[in-house]
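1. quick check, what structure comes out for this input:
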Amino acid sequence: MDGVELRLCKFQDLEQLGIIERNSFSYRPYGRTDFIWFLSSAPTGFVVACVNDSPAGYVIALGQPPGNGVIQSIAVLPKFRGRKIGRSLLNAAIEHLSSCKRIELLVEKGNESAISLYREFAFRETGRVIRRYYGEKDAVEFARES
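-> Residues are numbered from 1 along each chain as shown. Next up is the predicted model:
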């Protein structure tokens, strides 16, 4: 990816991550306190994609016992979508969780671009649906088994 650098999240990134979050999720976007918690809880699983040294996307990957992982959130600023940044972030999350036998994530039902990407990385629908997870919209659980 030309001009895109992946690196671990820094405290200084949090303001820009809030902008990414609000532009990506209309229902209960994470706030600064949430990002501080993730940064302190999973510093090596919190990765940002930077364009010209400014975060354009992020992923939060959390390991959970026993041997499971969760991709808590992944987002890319709308103006940078289509440049394979989401793919690179997802790959970084999977690498971070490589010791996990199962990796789970939730996606908004009907978000076909995200669902297509997850399927490319061997994520499959589990059949679990969480009603109204995204306000009026449902979430569908996907999982990847190793």
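2. list the buried residues for stretch 132-146?
-> 133-134, 139-144 (16 or more other C-beta atoms under 10 Å). The way it works is simple: take the backbone N, C-alpha and C, and place the C-beta from them, glycine included.
3. helix, strand, or coil at Thr44?
-> Under the three-state scheme (DSSP: H, G, I helix; E, B strand; the rest coil), Thr44 adopts helix.
4. for the protein, which segments count as helices?
-> 14-24, 32-41, 85-96, 112-120 (DSSP state H).
5. export those to a markdown table and append columns for distance to Asn52, mean neighbour count and mean pLDDT.
-> Formatted as a markdown table, these follow (distance: least, C-beta to C-beta, whole Å; neighbours: other C-beta atoms under 10 Å; pLDDT from 0 to 100):
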| stretch | distance to Asn52 | mean neighbour count | mean pLDDT |
| --- | --- | --- | --- |
| helix 14-24 | 12 | 17 | 94 |
| helix 32-41 | 21 | 15 | 95 |
| helix 85-96 | 13 | 20 | 97 |
| helix 112-120 | 24 | 14 | 95 |
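6. can you pull out the low-pLDDT segments for this protein?
-> Counting by pLDDT under 70, the chain has low-confidence residues at 1-2.
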